[in-house]
Every structure is written in structure tokens, then in C-alpha cells.
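S.K.: what follows is a protein structure lacking sequence information:
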């Protein structure tokens, strides 16, 4: 039979897929000689087996577990289920990718009515033993038997009231023993069975329950959000218990080897004296900062410092560690690469390079490009006088403003509608994730920097303020009280996750600036990458922003937005509704100087860099009033008899002409270069405006590199005809200037036919720019407007597509066509310049694909330029 | 220098591309020893040169012409421009593909004031010589100098009036000489130059004029209609003149070696005694049937009979011959493969095989599959009492009904709007072609079976009645008079091109039956072809028709039409607007027995043959009322205050729900299998109806071969999910029946993504059916609804696409994707069945492409099944 169980001493950190991240790390730490409580891992393959065998496990596997347990008993001189010195274990999940808090954990397993007495005797602490037992019963009953926590909590509260105490720790052994009896009655009542007393039976049930938890709803949601493949499965780690709650020489804590928020090289974390780990994570007792340990347990603190250094060297990354001190002895329960803010990620990368732990390439790969996005979010204008009503923990940086809501469901609903909301909760649980996803930010009144809300918000890059105890939340009345201020659902708050401030009302936010570390990292990326990075920008303002963020040109300047501006639209409409070429040209003549000015400004901002101007693309009816509105208006006006017959005739004529321009499928209609095939005068005006602007700049000695791009080409002849038109106009201007101009003519590749005939198209095109938004629509036959609102959610739910293909490039379909296009295009014109200007141009995994395809550049929104620069470098390093 | 001039004795029939059809045939006939007047051909390469050199020809070419002319002079003992025995020549166009009457011809070239006297002296016939001269001046002036005919005709009419005669032939030599002087004055007045007297100068100008005529408007239109490539160019044939107008032992005629209308093996043609060829073709004098020649010139008739047999053997086809008799000597001026009606084409093929002239394969290739269409057109119901008001010549078979119009322009305009019109003219000229194209049929009052109207109409397969002299046409008043009946523009007439009947009003038409010859030819085709032929049929009636026409199954049975029928639509709308699955299922339950009956009937008609059922495809809003109508109605009702507030709320709710189902781009919207991914219950109902129907038929011992087809699959997982659903339902019915059912599940391939991921899709699909209508829309990004009305005409005009890609498969784009799909699909599943069910499945050149791709079948409308059978066989033979 296959080996399904590995002792920690049998594994290592490379076995993550088999042992899960936690198991591999425990094994690695064990082999490094760190003080890890002994244990073993049941592999992810056992998880697959479990699901394949209809949620059952073979007896042979449990034999292996028994053997491994035997080895632990031997090492510790304890016995599982023994009436003397009994072995207790924890049972935890551990997937190949970390999913903190998403799956189930059971502690103190092995306790029963007999071993609890042995534990009490051995430790001489009846209170401790029964406290362990009652915790174990509650956890086991919840996880394995599905009995809700509140049943037990109510009993605990009753016990405390009866005893007249406020803290759990103030209950003595006898009371706790009674509480255990009460707990067992709750189990019998709720499950119809007695609480299982046989320790190995407990273990079997716990293992299965952990495997089950791989598919609990919150784990599924977490995997969806974090794109973790379902087929990974989880491993189960069975580890001998150590106790942080045996007295004041005990404790437990979590820490990061450096500050995961700022990146600072200083231990960051919290601990609780005389407590088990869950007390820290759950945020129920407010813990002390890790630095306090230096005073309370100086030796332990020193040991931790050395350990942290060792672990960072070993893992070449900042670590997130769980530890327990049992009777002044340090145990490491877990280590993993630390989750971090974007700022911290960048600082870690820079520092680890400077400390010689990482090469630049290794360091670049440690930064998630998507995270950089967060550095580009706005922060609160410091010059503004703020109405700060409270201060909490600065749990996840960035500022957010929104209407307050108190339920995750509501946050989700309103957020999806496009409303800006802040989720305000006493504390969050994994069941609140869907609401956090849709909220602008999260504010809690309980819990610390490592509480659920804080960890999850940092992972999502959402601003979060935690543990803001000055606030009182009344969930039922949906109100928030601070002193004499009362805020109701829908009132607006602002939070600053960088400072912890909670501010009343909306506040002006300022644009972020890239700090030195980011600039350094990006400069390394720039040195390494092959892919150039450009920006999509339609205005001089956007172009300026793009240059600031390091864009090496404009990859897409759309001209339609220029047509839409209020002062131009009437002229544009006249042009469209013209009934003769003469009328149309008259309107175009008025637009020409305006367009010329647009181009002049943009070229000027981008002096010395290439600028790709896309000629008019949308169908003309997009510039006209809505037919339905016009029809209703006209019908009503007629009914009311308020118009002259001449006016009615005029409106009827307008309606007729607007109707004539309507299309059944505008996406596949009369747009792109088809406009110019039928109405060449429109592009002629635009091209004249471009060359007139260039001529101006040439006369001012400003370098311009215009690239004129024809949209929606599907057949080489379209491009041939329009290129000839452009060249003829260019010749006119060149003659006037008496010199050659540096310009190129190319095309968007956004139709499947363009891809399969790219060899022919490349005869006329000096560059290809993949318009992957439209190429996705035509290749998949998905109208984006219709799909995202109607059937795409079902497609994602049913996993027909893993990702929204408009967000992440569909490599298998669209990508296959792009590959054909690049190959065919270069077969005709080896020097063909190729790029991408769809939204995918700013998405890291799509950028990696573009790199592999051998494109010359990606072009994306200015704010994603830094992300693209980093992603491009990573692609090169990985390649 | 390249050789641009070939004597007839230097060429042969294989040199069509270089010498044009006429030139190659004249050369061939010369080499066969036929009595062809000597001459030479200036090649199509000279035509290319002419256009490349900006409409000029090098002097070297004219030197070659002079040399060739010298050879002719030598052979005939005549001299060009000589005052004794002068050589006269004809100058004619001759493209690689016949374009009858489209380009220019000049006869009697070489005549001038001196040679005309020599000719008069030599022939002793001054009348003849001056008649030639005045004809030459008119023709040359028209073709080379652009002087309209009517100038000369007016002068001729004056001369006749002055002389008091009615026929041209009654004018004597002296009067004609005077007329020539008048003609020369007309030339001087209209062109500002004297009529050129130098014969070689005449020849040079004439050659250029013929090259120019390659690009005259009517030639361009003809090429477009007949899909003749522009780059072919025309050759020029210079041939010594023979004269059919030297007296009553002379004559000229045109004939077909067999009847080109019925296919009968009997000479078919006409001649005129003492006339030149143009007199016959122009339809000005009504000629005598060729059989009359047997009485008038029995030796010549016998010679012609022998010649016809020789030519048919040589060309392996029925010939269309022009001949002239000069002083009892026969000359052949031209021979070419005869244009023919569909009926004749089929009869020729059958007869030539039976006569041993052709193999079956050769015979099949002689039939244009598109022509077969005409055999399938309706004819007049013979049982109907007809109001025949006149009878003309049955010039092109088939019946047509329409509003009469008297101008080609108007026929074109109305025809393009979809109106059915008949073009009624005294006679037609090449300038009328655009009107004929758009008319249902053509009716003329002048001209014979070989007149322009007759020849062109047969070529187009349009019904035509010619030379209906009982009718009087008043063009200015746009009326038609027959006895005391007066018809005005817009009145309805029916013509029967098979009988020559002209009938007042609209007449019932009957379906055609395939005659024995056609059935024979189709049976040969069936034996040869690899491609199976199926039909697209949605009803039992269509299915019946399909079987009659030889369909080997149904390749596409659309189920949406079943939903549209009046009695079902309300249930369908309820289903669509349902607000819960329960409501939707309730409506679907009502539809199930109706669908079951539909399928039962169709399967029954197609017993023993495969039937491909496509599950629901269109977006649901297609079944709902129009939003704009609903909105206007509601707005008006509110304004008028005629509805209760409850009714308004109800209508507002309906409008809201209908609006919610609207789509920006329905073509790319929520349709096809996407419906079933979101609402699986719809396909479940359909699949249940299919298997319930099958179960019924199995119980009746009727063989059924259902193929269930999922539309619009773009990703393999869609198909996997839906196939599983189908198989589960099928299993249920199989269990009930206690036996396995013969069914397959496959998909339409109609998205580019399906093509490039066909290997994955084929894991689940047992067949692929290319939906080339939608695949064309997505590949080209052309919404058919929008393109054909808006920009496609410009695309065809500018030759960006050579053909409408919705009519003729775009091989380069769509075809490339189909090729990828077939290769990928078969790489996964070598036995994958592949077919096409778009409209292209009935278009011969597209069928040939499907054959080359190795598809298993094509599916087309029932009426095109015979065409597809023939085209499939031809593809095989050509391959």
C-alpha cells in the first residue's frame, strides 16, 4: 500500500504538495532541530482517497496512523489514552497553500473521563485538566458532530454567573468538572449519542472531519477568491499537544519576523500568558505586544530572536510563526511565509537583497504584482482637518470611505450594486468574507492585528481598522454609538487603515506616491524585463500620470472620448446625420482643429515616446440619442397635441434617421475601420488632424513618434485601402514640411479572422496591437455587456470558465488565436512590432502569457503600469 | 520582346488564358482545317501591358501587328489600305471567359474614301461597298470616338424618307455615298476631327478601344454578376472580313449544335440572307430558323451539319457557332461551348454520355450545379384557366409574376426593395443588365431567341418571353397596349418563359418535378460522391420534401420555430417570464407533449435516416414583445389615464421583466447552450420530448437515428455538463423500454473558440456540425443583420470581399478555422462525424471546400439538395 502517513522527521519543506504547507514546514523545522512538538502528517493523497472512496478511509491507513502514534509515544514516553501520563494531540488541517482559519482544528484530543484525571494528577492542576477537557469537548462537538458553539458558551456563562466570576480562568477544577458533565449532556441531547470516550475513535472522527472541512462553504469561497485549485486537497497534521495554559510560566503567541504591515525589521506579534493559541487568534482576550516578552520571559525572547533569523535564512523569506511556552520551554507550532502588505512586501524584498539573503531576481519574485495596486490607492489628505471620532488598530493600510452597514450580506448586495460601503462589525468570522470582498473597508470593535478581520483584510488589500473599542455597535438597531454621537446604517464614515483613525463623513483623499523602495524594485524590474510597458491614455492628464508611473509610451489613445465631450457632441451628431458628403465634410471641418489640439497636447506630453492613436472605433449611433426615448417623447407630444405639424415632421425625420442607424448587434456592426470604408472622410479628418499636430510639434523641435492604428481589421484589403489613404495625407504634410516624418501604420488584432489571416494583414501593418477585449468577445461569442450581467456568473459558479475571461486572458481560446496571429504576422514581417492594449495588458498572469508569446509590449491603465513593469520582469525571470 | 501577337495558325484551344476564348477557338478551328477567315490575336498580356502603361501600347507591339497583317495579306492576296483588292478586317474582343455583347466590336475596318471605291470596283457592287463603309463609320465612331448611334440613325432615317423607302437595303449606292458624306460631317462635328482615313491608324485606335471596353460599365457589372476576375483582361482578335451581305447567295447566322433551351439534338439557330452578323444578334430584322437553310442553301446546310458533329467531338460539348456565307462559301467566325438552360445542360450531359462523347464524370462536370436550381423553380399550374393576352418566343424557361416596369433603373430599385417586378422593354441592351438582375423576368416585343434579352436571361436563369409583337409599348406614358387592354406601370403580369405566354394578373404556380434526365444525372452523382447530403428541415412537410429531393437525413432541425407557433407562444412566454423554477417547469410541462408530437412526426417521416435535432438556440427575448412598443403603449396609456393603477403596475412589472431580458448584442448573448447552463430545465424538457417520441416509435418498430445537437458550445465543459444531462435522461427511457437506444450527442461548431479547442470538445462530442452562419459572424465580427443592410455592399463594391461571405464560405478566414477544428477534433476522436449545416451547405463552391476538408456531410435547404448532390460529386471528380 501507498504511504499515507509521514512522521515530521520523514518530510521536508519541498513536500508541500503531499504534506501541505504546515506539514512540510513542521517537517522542515523538525529536521532543522527546532523545538517542534513531535507528530505526523496524513497526506493530501489520503484526502483524495477519502473523497474518491465516497468519504471513507481504508483500515490500513488507520494502521499507519497507529504506528506513527506509537513512534510519538515512544519519543515522549507518553501513551495515548493511558491512565498515566496520557498523550494528547492536536489535529489540524494543512493544505498545500495556506488558507488561514478556513478549515477546522481540534486541540487536546485524547482526553476522556479517565485521561483527564491522569492529566490532573500528572500536572497537579485539576483546573487546567478540566479546562482542557471542556475546551476539547466543545471543539470536537462543533467540528465533528456539528453542535453549535453557543450551546456550550451558554453553559459556560451560566457556570460563571453561578460562581459569581467574570473570567473563565477564575473557575476552579470542581466547577469545571461539573461543566464537563453539563457539556456531555449537551452532546447527548444534540447528537443523540454519548461523547466518544475511546481516544483512537476520537482521532479517526477528527481526521475525517478535517478532510470534510476542505469542502465547507467558507473554504470553498476562500479558494474561489484566492484561486486555489479544488483538487489540491488538505493534509491532516497530528501533533502532540503542548500547553500554554498551564500557569504563568506558560503562554502562547503568534509573531512575524518583521512587521508585515510596514516591512520594518522588527519582531511583530502578540502573546498571551497562560493561554492556548486559539485565544490569540480569536481575538477574545486582547493580547500583549511581543516586545513585552523581553521583560516577562527574557530567555525565551532571546531564543525566539535567534530562531527567527535562522528561519528567515532557511526559508529566504519573512516568517509567520506560532509558538507556545510550556513551563518556560519554547515550542514552535508552525512557521510559514508571512502574508504582508504591498508596502511591506516591497520593503522585505529590498531589505533581504541588501542583507544578502536574496538575489534581485529572487526578491522580485517574492512580490505579488497585484499587491502593488494597493500602493497606488489614495490616502487621506493630511492637510485636511479630520473629524476623528475614534482610533482603533491600524490593521490594513489605505483609506476608505463609505456608507456603514452591519451585515456581510448587505455589504455584498450593496457593493455589487456599485455602492461604496464600509462593513462595521464587533469582529469578523470566516462567514463574513463575502461581505468583506464587496466592502470598501472593514471596521471592528474587537480583536487585534492578527484577528480574523485584520489578516483577511490585509490579504485582500482592503483598508481595515480593528479593535476600536471606543465604539459600541447595536446590531439589532443597526446603529453605532461613540460618546454622544449616534450613526445609523447608511451614514458615511471614513477609516484610515494606516493610522487606525475613524473619521466622520467623507474625506478628501490624495493620490499615492511611489516610495523609494518601490522605485528601487521597479528599477530592478526595468533592468530585467524584455516586455516594454505602455499605458492606455486618452487625455493629456492620463498621459502625464502614465509617464509618472513609468509608461514607455501610449499603447492606446482612443479618439472616441474626444468626440463625446459636451462642446463637440452637437457637431459630431451633425456629422453623423449629414445627408450628403458635403454636409458631413462641413461638420468634420469644424472638428478638425479640435482634434488637432487634442493630439498636439498628448504628443507633447509624450515627447520622445511612441503614441498609438486609434482612429474612431464605436458605431456612430453611440453618439446619438436613444431611440426608445425619442419614440416615447414623440408619441406623447403627438398625444398632447403640443407640437406644430412641421415640428412633428421634423422629429419624425430625426427619429427615422436615428432608427436607421440602430443595429441589432452593435458589437459586430458598422464600427471600426468599417466606418472609414463607407465614410472615408471621417478618418481623413482624423489623420489630417494627427499630421497637422505633428507638423506643429516638428516645427517646435519636439520629438514625436506617432503610430496610427486602424481598429477592427478583419481582411488585409481593409488595411491596404486605409493605409494608402493615410500615406497620401502624410505625403502632403511631409511635402509641406520638406522632410520625412517618423510615423507607422498598424492595426488592432481583435477579430478571429485577423488572427488566421495575419500573414496577409502584416503585409500592410507595421505593428499589431491585440485588442483582447473584443477578441475575447468574438472568440468566445460573449457580449461582455450581456455576459457579465447575465450568464457569466453561472459559468464561473459551475467552473466552466475558471476566471472571468474579460479579466484574465483566456489562454486556451483567445491565446491560441493570438499565437497564430503572432506566428503568421512575423512570417511575413519578421520585424513586426506586437503589443496588447486590452484590459488584460495590466493583469499579471496575462502579462506572463504575452511575454511567452514574444510580444514587444503591453499597454494598460496608467495605475497598473507599475504592476505591469513588475509582472513583465517576473515573466522574464520565470522564463 | 515578349510575343504579343499570335496568328490563328500559331495557337490552339488550350491557350484561352493568353488568347481569350474566342482567339483560342479560332486558332483551334484553324488548326482543325475549318473554314475560318485568317487573322491573328493580340494577347491578354498586351491588355495587362496596356493598363499598366497607363493605357498605352509600345510601338514594338504595333510592329508585330504589322507583320501578322502581312502574313494575312500574303495568304489572301489582298492588301490593307490598297486601292486594289483591299483587305478589310474585323476587330473583336475575346476574354478568357465569354462575355457576350459586353465589349466592343468593329467590322469592315480598313475602309476609307479610297478603298471603298476599290471594294466597289472589285465586287462590282457600289451599294454594298458604301453600305459597308457607312456601317464601319458608325461603329468606329461609336466605339472609338464615343459618338452616340442615334446621330447616324437619324441621318439614315432621313435618307430613307428622302428616298421614299422603308428598308435599309433599298437605298442605292449613290444615296449611300451621300450618306457616308453626311456621316463624316457628323464625325467632324461631334469629335472635332475628320474621320481617320489611314487604315493602320484605324486599326491602332480600334485595338485600344477594345482594350478600353474591358472596363466599360456594363462589362464590369457582367463580371461582378458572373464572378469573372478583373485581372483576366481581354484579347483582341483581328480577322479578315467575310461578307454575308454581298447578295442573295450570301448570308449570316448563329446556331447551336443542339437546342440550348430543351437540350434536343437538333440544330437550333437563325440566319438572315444578305446580312452581316450584327443584324442577327441585334434583333432588328427578324431572322429565319436555321432549318430553312436546308431549302435555300442545301449544300451549305449539309456542310454545317458535318461541321457541327466535328466540333462537338473536338470540344466534347455542344457548340454555339457564328457563320457567314459569302457567295455560297461557308465561313465559321466563332465557336464556343453553348450557354444552356438547366434542362438542356442535363439533357446534353445524358445524351453525350449515351453517344459515347463523354464519360459520366466528364458529363457531370459540364453541369453547373447552381443551374439545377432553375429546374426546381415553380411553373404555372396547367389546370388553371389562364388569361393569355399575347404569345411571344419562349426565350428562357420558367414562370414569373410581377408588377410591370418599363425602365431598368426602376426595376433595379424596386427589385432591391424586395418588390417583384417584370421588366418590359421593346428590346434590351447591355445597358439594361442591372435591371434584369433584379427583375423576376423579362418581356420584350422585339428580337428573337438569340437576341440580347434571350441570351442574357437564359444565362441568369430568369424567365423571359421575347419578340412578343402583339404588344405595343409606350415608354413615355409607361403603358402597354394589347388590343383594347391597357396596362400601366405597376399592373401585374405573369410570363411563362417555357411557352411564351403572357398572362394578365397573378397566376398560381406549381412545384417542379425532377425529370428522368435529372434523376439519371443525380444517380450518377450519388454513385460517385463521398459527401453525404442532408437537408435542414424543421417540419414534417419540409422533411418530406427533403426526402423527395434525395436528402439522406436531416442535418439541422431547429426547435425554435416550434416555439413560435401561435398556439404555443403564450406558454413559451409564461415559461420565459417565470419567476421561479416551479413556475417555469409548469409551463415547460405544457410544452412537453407538443414538442414530443413535433419530434414524433419528423422522426417518422425520416424513418431509417439520421435526424439532427438542435436544442433551443435563440435568446429568450426573441419570444417576447418589443420593448419599444411596450414602452410607448404604456406611456400613452398613462397619459390618457385609461388604465387602473393596478393595471399600470402590472404592465410596468411586465415591461421591467421584458427589459431585463433585453441584450446589447443578442448574437453574442444569452443563447444556445448558455440557456441550458442557466436554465437546465428548458433542455431537460426538450430532451425528454425527444426520448418520449423515440420510445413511441420504437414501440411502433420504426427505425430512428436521432442526433442531439447542442448549439453554441465554446468550451468543452459546457458540452460535458449538458451531455451528462442528456445521457441521464436517455438512461431513464432506455430502462423503461428495456433496451439501448441508438442516439448520439454532438455540437454545433460556430464559435472561433470551439474551433481552436476542438480537441477538448471532441472528448464529449460524437459529431461536429459547422454552423457557418454564426461562425462567419463571429470570425469576421460581422452581424449579418447589420452588415448586409449597411456596410457589406460597400465591401463588395470595393472588392474587399469578393463574395458575400454569408452566401459563399470565406475559405481564408472561416475555412481556416474549420480546418483547425476538423484536425483537432479528429486528433481526439478519429471517427468523429463532421458536417455543415449553415446556408453554405447548399452552395457549390463551399461544398467543394467541405469535400476537401473531409467532412462527412453537408446539410442545406430541401430545394438545394439536388444541387448539393451534384456539387458533391463534382468535388470528388475534381479532387
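M.R.: Cool, got the structure. A quick note: this is a predicted structure, and the numbers were derived from the prediction, not measured.

S.K.: drop to CA atoms for contacts and neighbour counts, all remaining ones
M.R.: Noted.

S.K.: let me see the contact set for the residue nearest to residue A:787 when sequence neighbours are not counted.
M.R.: Nearest residue to residue A:787, sequence neighbours excluded (C-alpha to C-alpha, 6 or more residues apart in numbering or on different chains): residue B:669, at 6.5 Å. Taking C-alpha atoms under 8 Å, 6 or more residues apart in numbering or on different chains, we find residue B:669 in contact with A:781, A:782, A:783, A:786, A:787, B:619, B:663.

S.K.: hmm, 10 Å instead?
M.R.: Residue B:669 makes contact with A:665, A:781-787, A:790-791, B:618-619, B:662-663, B:675 under the criterion C-alpha atoms under 10 Å, 6 or more residues apart in numbering or on different chains.

S.K.: again, but for residue A:840
M.R.: A:770-773, A:805-810, A:846-847, A:850, A:858-860.

S.K.: hmm, which of those are the buried ones?
M.R.: Buried positions within the contacts of residue A:840, assessed by neighbour count (16 or more other C-alpha atoms under 10 Å in any protein chain shown), are A:770-773, A:805-806, A:808-810, A:846-847, A:850, A:858-860.

S.K.: tell me the buried residues in stretch A:463-483?
M.R.: Neighbour count says stretch A:463-483 has A:463-469, A:471-473, A:478-480 buried, by 16+ other C-alpha under 10 Å.

S.K.: and these near chain B, which?
M.R.: Among the buried residues of stretch A:463-483, not one lies near chain B by C-alpha under 10 Å from any C-alpha of the partner chain.

S.K.: secondary structure and pLDDT added to those, as TSV?
M.R.: Shown next, in TSV, are those (DSSP: H, G, I helix; E, B strand; the rest coil; pLDDT from 0 to 100):
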residue	secondary structure	pLDDT
A:463	coil	89
A:464	strand	91
A:465	strand	93
A:466	strand	89
A:467	coil	86
A:468	coil	89
A:469	coil	83
A:471	coil	90
A:472	strand	89
A:473	strand	91
A:478	coil	91
A:479	strand	92
A:480	strand	92
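
S.K.: let's have those residues in TSV, adding distance to residue A:140.
M.R.: TSV is the format used below for those (distance: C-alpha to C-alpha, whole Å):
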residue	distance to residue A:140
A:463	35
A:464	32
A:465	32
A:466	29
A:467	29
A:468	32
A:469	31
A:471	34
A:472	33
A:473	31
A:478	34
A:479	36
A:480	36
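
S.K.: list just the nearest of those residues to residue A:112.
M.R.: residue A:467 (36.7 Å; C-alpha to C-alpha).

S.K.: just to revisit the earlier point, in PyMOL, how would I select just the buried ones from the contacts of residue B:669?
M.R.: A single PyMOL command is used to select the members of the contacts of residue B:669 judged buried by 16+ other C-alpha under 10 Å:
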select buried, (chain A and resi 665+781+782+783+784+786+787+790+791) or (chain B and resi 618+619+662+663+675)
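
S.K.: which residues touch residue A:366?
M.R.: A:316, A:317, A:345, A:346, A:348, A:349, A:358, A:360, A:874.

S.K.: and if you look at residue A:160?
M.R.: A:154, A:166, A:167, A:168, A:169, A:170, A:171, A:175, A:176.

S.K.: give me the buried positions along the helix or strand containing it.
M.R.: For residue A:160, the host element (DSSP states H and E) is helix A:149-163. Buried residues in helix A:149-163, counted by 16+ other C-alpha under 10 Å: A:152, A:155, A:156, A:159, A:160.

S.K.: so how far is it from its chain's centroid?
M.R.: In this view, helix A:149-163 has its centroid 40 Å away from the chain centroid, taken as C-alpha atoms, centre = their mean, to the nearest Å.

S.K.: which parts of the next helix or strand along the chain from it are buried?
M.R.: Remark: after helix A:149-163, the chain's next helix or strand is helix A:173-191, criterion DSSP H and E. Of the residues in helix A:173-191, A:173, A:175-177, A:179-180, A:182-187, A:190 count as buried by neighbour count, 16+ other C-alpha under 10 Å.

S.K.: hmm, who's touching helix A:173-191?
M.R.: A:113, A:116, A:120, A:125-138, A:141-142, A:145-148, A:151-153, A:155-156, A:158-160, A:162-163, A:168, A:171, A:192-196.

S.K.: out of the buried residues of stretch A:463-483, which comes closest to chain B?
M.R.: Closest approach between the buried residues of stretch A:463-483 and chain B, by C-alpha to the nearest C-alpha: residue A:478, at 31.2 Å.

S.K.: quick one: contacts for the closest one?
M.R.: A:404, A:405, A:406, A:407, A:424, A:487, A:488, A:489, A:490.

S.K.: kindly report the same for residue A:810.
M.R.: Contacts of residue A:810 by C-alpha under 10 Å, 6+ apart are A:772, A:776, A:779, A:780, A:801, A:802, A:803, A:804, A:816, A:840, A:846, B:753.

S.K.: hmm, try it at 7 Å
M.R.: Not one residue lies near residue A:810 by C-alpha atoms under 7 Å, 6 or more residues apart in numbering or on different chains.

S.K.: then residue A:875?
M.R.: Here residue A:875 is in contact with A:848, A:851 (C-alpha under 7 Å, 6+ apart).

S.K.: chain center to stretch A:163-178: distance?
M.R.: 44 Å.

S.K.: how many neighbours does residue A:417 have?
M.R.: If you count neighbours by other C-alpha atoms under 10 Å in any protein chain shown, residue A:417 ends up with 10.

S.K.: what about it, distance to chain B?
M.R.: 15 Å (C-alpha to the nearest C-alpha, to the nearest Å).

S.K.: one more: residue A:844?
M.R.: From residue A:844 to chain B the distance is 23 Å (C-alpha to the nearest C-alpha).

S.K.: much appreciated, bye for now.
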